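Novice: give the three-dimensional model of this entry:
(2 chains)
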Amino acid sequence: GQQVMQIPQYQHVQEGEDFTTYCNSSTTLSNIQWYKQRPGGHPVFLIQLVKSGEVKKQKRLTFQFGEAKKNSSLHITATQTTDVGTYFCAAPPTGNQFYFGTGTSLTVIP
Amino acid sequence: GAVVSQHPSWVICKSGTSVKIECRSLDFQATTMFWYRQFPKQSLMLMATSNEGSKATYEQGVEKDKFLINHASLTLSTLTVTSAHPEDSSFYICSARFASSYEQYFGPGTRLTVT
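Specialist: So this is what the prediction gives:
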């Protein structure tokens, strides 16, 4: 299936620091979604980006979709301990299916 | 919000037996359901996509005779792991979406351990 790579794989930050995870695809994507999975939990939908160069904000979270629609990023400003979890991007190369990225595990040190 | 349940939440079975996992959309009609498998500290691997009333579409490398998927109604999909082996031990998660939404709603997952 589709290969969607994310970097970094792990990130430890001090509470209050910023955090960014990047998602890269070798092919052009029609849209991209972001999910958050807390430890021991299931993925929860955060957002979908569709347009080239699109930027969306949710409080301290900023999502971007690249101009070429091959990459995306999630930036968290001033992390809090509640931000702990693994962040996945997910992309549908065709039809209904969504292929999840490799994920970035975020640890926030109080 | 839309709620998806899975049953059982965990199951232990002996090698060679079959296990059925249910995925239900509780407050909406799910036109499409997805089944994923997740190993510890790894990403979700899509196994198959099922649409109500039609055969599931399996991803490359997923044995359809081993992982039987039935999407008999708009609120229920089942995954049956047949003749389970220890290597089938994993966390299985389903998700569902309704026709007018692009968002996937995930179930809480089922932890399968095959001894």
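Novice: now the strands for the chain?
Specialist: In the absence of a named chain, this looks at chain A. Here chain A has its strands, by DSSP state E, at A:4-7, A:10-14, A:19-25, A:32-37, A:43-49, A:55-58, A:61-65, A:71-76, A:85-91, A:99-100, A:104-109.
Novice: you answered for a different chain; I wanted chain B.
Specialist: Using DSSP E, strands in chain B cover B:4-7, B:10-13, B:19-25, B:32-38, B:44-51, B:57-58, B:67-73, B:76-81, B:90-97, B:105-106, B:110-114.
Novice: the last one close to chain A?
Specialist: I take that to be strand B:110-114. No - using C-beta under 8 Å from any C-beta of the partner chain, strand B:110-114 stays clear of chain A, with a minimum separation of 10.3 Å. C-beta coordinates here come from the backbone N, C-alpha and C atoms, glycine included.
Novice: which residues does A:Ser73 contact?
Specialist: A:Thr20, A:Thr21, A:Tyr22, A:Cys23, A:Phe63, A:Gln64 (C-beta atoms under 8 Å, 6 or more residues apart in numbering or on different chains).
Novice: I'd like the strands of chain B as CSV, with mean neighbour count appended.
Specialist: Formatted as CSV, the strands of chain B follow (neighbours: other C-beta atoms under 10 Å in any protein chain shown):
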stretch, mean neighbour count
strand B:4-7, 18
strand B:10-13, 14
strand B:19-25, 21
strand B:32-38, 24
strand B:44-51, 22
strand B:57-58, 17
strand B:67-73, 18
strand B:76-81, 21
strand B:90-97, 24
strand B:105-106, 23
strand B:110-114, 18
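Novice: pipe those into JSON lines and attach mean pLDDT and distance to A:Asn31 per row.
Specialist: Output for these, formatted as JSON lines (pLDDT from 0 to 100; distance: least, C-beta to C-beta, whole Å):
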{"stretch": "strand B:4-7", "mean pLDDT": "96", "distance to A:Asn31": "21"}
{"stretch": "strand B:10-13", "mean pLDDT": "96", "distance to A:Asn31": "34"}
{"stretch": "strand B:19-25", "mean pLDDT": "96", "distance to A:Asn31": "22"}
{"stretch": "strand B:32-38", "mean pLDDT": "94", "distance to A:Asn31": "16"}
{"stretch": "strand B:44-51", "mean pLDDT": "91", "distance to A:Asn31": "16"}
{"stretch": "strand B:57-58", "mean pLDDT": "92", "distance to A:Asn31": "20"}
{"stretch": "strand B:67-73", "mean pLDDT": "90", "distance to A:Asn31": "24"}
{"stretch": "strand B:76-81", "mean pLDDT": "95", "distance to A:Asn31": "24"}
{"stretch": "strand B:90-97", "mean pLDDT": "94", "distance to A:Asn31": "13"}
{"stretch": "strand B:105-106", "mean pLDDT": "93", "distance to A:Asn31": "17"}
{"stretch": "strand B:110-114", "mean pLDDT": "97", "distance to A:Asn31": "29"}
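Novice: please name the residues that touch B:Glu103.
Specialist: A:Gln33, A:Phe45, A:Gln48, B:Ala2, B:Arg97.
Novice: out of the residues you listed, who has the most neighbours?
Specialist: In terms of neighbours by other C-beta atoms under 10 Å in any protein chain shown, those top out with A:Gln33 at 24 neighbours.
Novice: understood, closing this out.
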